[in-house]
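> show me the folded form of this:
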Amino acid sequence: MNKKHLRYIPLILWLILMLSLSSRPATVSAEDSKPFEDSFTVVQEKIKSSETMKVNLSAFLKSPKYLVRKTAHVILYCGLYMFTVLAFMRDKSRVKQYIMIFIGCVLYACFDEFYQTFIPGRTGLLQDVLIDSIGIALGLVLSILSVEIGRARKTRYAQYLLSL
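Numbering: from 1, shown residues only. Model (predicted):
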C-alpha cells in the first residue's frame, strides 16, 4: 500500500463510526447516552444545591439528554473536519482547501440528517445541521492551529501531515 493512501484510513473509519451511530434506532441511541445523562444529572443536582453557585443555571441544565446528545454532535463533526484535513490538505492554496473541506462536511451533515429520516424513531433536523456546523467550525479552528502554527514552527507533526 502506498504511504499516501494511509492518510485516508482515519477518515474512512470515522465516517463508518458516524454512519453506524446514525443508523441506530432512537431507542438504542437513547440507551447508549443514558450513562452520560445520569452522570450529568448528578453534577446538575450538586450545582443546584450548592450555595456558592449564585448563577441560575437551571435553564441550561434542564435537559441532560439534550446537552449530552448535542455535545456528541459537536465532537463527531469536529473529528470529521480534522480527519478530512488530514486526508485532503495539501501545501498549495490552503485557504481554499479549508473552505472546501468545511463545505463538504456541512453537506455530509445535511446528508446524515436526511438519512436519519429513514431510521425508526429518528428525525432529520435543520437544528442538528447547525449544531454539527459548530463542531465543524471548531475542527476548522483546531486544524488551523495545529497545521498552520506547526508549519510556522516547523514541527514534525506539521511536516508529516504536509508530506503525506
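> show me where the chain has strands.
Applying DSSP state E to the chain gives no strands.
> residue boundaries of the helices in it?
Assigned by DSSP state H, the chain shows helices spanning 9-22, 26-49, 64-88, 94-116, 126-143, 150-153, 156-163.
> let's have the ones you listed in TSV, adding mean neighbour count and distance to Asn2.
Quick note: C-beta positions are derived from backbone N, CA and C, even for glycine. Shown next, in TSV, are the helices of the chain (neighbours: other Cβ atoms under 10 Å; distance: least, Cβ to Cβ, whole Å):
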stretch	mean neighbour count	distance to Asn2
helix 9-22	14	12
helix 26-49	13	37
helix 64-88	19	14
helix 94-116	16	21
helix 126-143	18	24
helix 150-153	13	24
helix 156-163	13	13
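> where are the low-confidence patches of this structure?
1, 36-37, 39-62, 91, 150-151, 153-164 (pLDDT under 70).
> let's see it at 80
1-4, 26-66, 90-93, 147-164 (pLDDT under 80).
> residues contacting stretch 107-118, please?
18-19, 22-23, 77, 80, 122-126, 128-129, 132-133, 136 (Cβ atoms under 8 Å, 6 or more residues apart in numbering).
> measure how far it is from the centre of its chain, please.
15 Å (Cα atoms, centre = their mean, to the nearest Å).
> what is the neighbour count of Ser93?
Other residues within reach of Ser93, judged by other Cβ atoms under 10 Å, total 10.
> ok, it - contacts?
Here Ser93 is in contact with no residues (criterion: Cβ under 8 Å, 6+ apart).
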